[in-house]
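S.K.: quick one, fold the following:
(2 chains)
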Protein chains: 2
Amino acid sequence: MTAELSKTQRSTMSRHPERATYERDIAFSILDEGLVAHVGLTTPDGVVVLPMTYARIADKLYLHGAVASRWLASFDEGSDVSVCVTLLDGLVLARSAFSHSMNYRSVVAFGTATTVRDDEEKQKAFKAFLEHMLPGRWDDSRQPNRKEVAATTVLSLRIDEASVKVRSGPPKDTAGDYALTHWAGVIPLSLTSGEPLPDPAMAAPPAVPAYAKDYSRT
Amino acid sequence: MTAELSKTQRSTMSRHPERATYERDIAFSILDEGLVAHVGLTTPDGVVVLPMTYARIADKLYLHGAVASRWLASFDEGSDVSVCVTLLDGLVLARSAFSHSMNYRSVVAFGTATTVRDDEEKQKAFKAFLEHMLPGRWDDSRQPNRKEVAATTVLSLRIDEASVKVRSGPPKDTAGDYALTHWAGVIPLSLTSGEPLPDPAMAAPPAVPAYAKDYSRT
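M.R.: Below you'll find the predicted structure:
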């Protein structure tokens, strides 16, 4: 793996090049912090974007769904996809309406998603899906049996043709607007967890496990 | 407007039909709560998904970007797009790894996005973008001038061919797994705001406006 992602026509930003980076490590850290990827695919009915959970192992991004899914069936021979993960960090309030923005970090990856056929790789992906969501949970759950593995389609995509966009910091107004007296600044935003809610179906609820308390993505 | 969205091959869910709804009001409420839409488009280089801010007015979804954007230029004559907005509500911890899930609400809309040429409609969209992000801010900011309106491409998409997916509540394990003693339940997640950070460039910072304090999407 090189330190830089591959720049192609598709992965090269035409707007706000100052927000773009092609550093693999930054892309990986954003992918590791996110929980939902938006996956776009061109189908015979037109383009479709759907939210999916995912996980990363080295430079591979894994997606999964039910074998019975019409959407996933179209990947059989490999499909051109675009996968986007966006983390929202804040609202940026400028003095002018026009200069309002958001602070965010996003990765857009492109490439061919192919079905994982190897059972060992599939099992590793299963573990990665759960550990990505909640580190520590894999060992404290009933692990997939052969039937469940067979009922699941796992796709992999090499993270190489990709770009990262990051906006952070205070608003940038045009020079003449700095004299205006509207409040300007940033409202920070983050994904926050609440008190875990035990499943009412637990007859004798055990204590909330340490990994589920004060859950945080960062 | 009918109460139901249009069902087509593309907007009909093949998996988890129990999570699907086609009620327009629910779709609108999800779109109104979200901040970032993931927009997919088929380009000559392949499919591309990008995060964009947006706003809704009645049954129209508005997107915007710089006129100079290569991405937006491809919409000139109207482009087939898919727009997805996802709200993440929680992690769902089942007893089996396989039955883990997330609680979420998502809208996936399909259709042709066209460039808004009418200046009055464009100005209304500008106001909607800001008020969608932060109600009350439009009147407390310097509103767009003619040059800024001209430099911005605004796209509109009719929200009609669309579907909504909602998962809520506790985990659903397979019957045999309920005897297992792993903790099961939901870790609630929500987008939360922090203390507003004033722009250091303000010479005499006014008090944080009421609409920016305790910011919440719900």
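S.K.: for A:G40, give the beta-bridge partners.
M.R.: Residues in a beta bridge with A:G40, per DSSP bridges, are A:V49, A:S82.
S.K.: now do the contacts for it.
M.R.: Applying CB atoms under 8 Å, 6 or more residues apart in numbering or on different chains, we find A:G40 in contact with A:47-49, A:81-84, B:38, B:40-41, B:47-49, B:82. Bear in mind the C-beta positions are built from the backbone N, C-alpha and C, glycine included.
S.K.: also A:T12?
M.R.: Contact partners of A:T12, counting by CB under 8 Å, 6+ apart, are A:20, A:163.
S.K.: not counting its own residues, what contacts the longest helix along chain A?
M.R.: Longest helix in chain A, counting residues (DSSP state H): helix A:119-133. For helix A:119-133, the surrounding residues in contact (CB under 8 Å, 6+ apart) are A:32, A:35, A:53-57, A:62, A:64, A:116, A:137-138, A:141, A:143-144, A:149, A:152, A:154, A:156, B:91, B:97-98, B:100, B:102.
S.K.: gap between that helix and the chain center?
M.R.: 16 Å (CA atoms, centre = their mean, to the nearest Å).
S.K.: now swap in stretch A:112-129 and tell me
M.R.: Per CA atoms, centre = their mean, the displacement of stretch A:112-129 from the mean C-alpha position of its chain is 17 Å.
S.K.: just name the closest of the contacts of A:G40 to B:D25, please.
M.R.: Proximity of those to B:D25 (CB to CB) peaks at B:S82, which lies at 21.3 Å.
S.K.: against B:M52, how distant is the most centrally placed residue in chain A?
M.R.: Centroid-nearest residue in chain A, with CA atoms, centre = their mean: A:V85, separated by 3.5 Å. Distance, A:V85 to B:M52, using CB to CB, to the nearest Å: 15 Å.
S.K.: wait, a strand at the residue nearest to the centre of chain A?
M.R.: Yes - under DSSP: H, G, I helix; E, B strand; the rest coil, A:V85 sits within a strand.
S.K.: spatially, and excluding backbone neighbours, which residue is closest to it.
M.R.: Nearest residue to A:V85, sequence neighbours excluded (CB to CB, 6 or more residues apart in numbering or on different chains): A:G34, at 3.9 Å.
S.K.: quick one, phi/psi of the one you found?
M.R.: Backbone torsions of A:G34, given as degrees, to the nearest 10, read phi -70, psi 160.
S.K.: count the residues that sit near A:L88.
M.R.: Look at A:L88: counted by other CB atoms under 10 Å in any protein chain shown, it has 17 neighbours.
S.K.: my guess is A:G136 contacts A:K213, does it?
M.R.: No - applying CB atoms under 8 Å, one finds A:G136 not in contact with A:K213, separated by 10.9 Å.
S.K.: how about the helices in chain A?
M.R.: Using DSSP H, the helices of chain A run over A:24-33, A:70-73, A:119-133, A:146-150.
S.K.: any idea how many residues pack against A:A212?
M.R.: The number of residues packed near A:A212 is 20, by other CB under 10 Å.
S.K.: in contact with A:M1, which residues?
M.R.: Shown in contact with A:M1 (CB under 8 Å, 6+ apart): A:24, A:58-59.
S.K.: mean pLDDT lowest for which of the helices of chain A?
M.R.: If these are sorted by mean pLDDT, helix A:70-73 sits at the bottom with a mean of 69.
S.K.: flag every buried residue along stretch A:162-182.
M.R.: Buried residues in stretch A:162-182, counted by 16 or more other CB atoms under 10 Å in any protein chain shown: A:162-167, A:170-171, A:173, A:177, A:182.
S.K.: let me have the residues you listed in a markdown table, extended by distance to A:Q123.
M.R.: Formatted as a markdown table, the buried residues of stretch A:162-182 follow (distance: CB to CB, whole Å):
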| residue | distance to A:Q123 |
| --- | --- |
| A:A162 | 26 |
| A:S163 | 31 |
| A:V164 | 30 |
| A:K165 | 34 |
| A:V166 | 34 |
| A:R167 | 38 |
| A:P170 | 47 |
| A:P171 | 48 |
| A:D173 | 53 |
| A:D177 | 57 |
| A:H182 | 56 |
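S.K.: and which of the residues you listed is nearest to chain B?
M.R.: Taking CB to the nearest CB as the measure, chain B lies nearest A:P170 of the buried residues of stretch A:162-182, at 4.4 Å.
S.K.: right, and the closest one touches A:G185 too?
M.R.: Yes - the criterion here is CB under 8 Å, and A:P170 meets it with A:G185 at 6.4 Å.
S.K.: switch the helices of chain A over to a markdown table; also include distance to B:P205.
M.R.: Output for these, formatted as a markdown table (distance: least, CB to CB, whole Å):
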| stretch | distance to B:P205 |
| --- | --- |
| helix A:24-33 | 31 |
| helix A:70-73 | 50 |
| helix A:119-133 | 40 |
| helix A:146-150 | 57 |
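S.K.: quick one: closest of those to A:T218.
M.R.: That would be helix A:24-33 among the helices of chain A, by CB to CB, at 6.4 Å.
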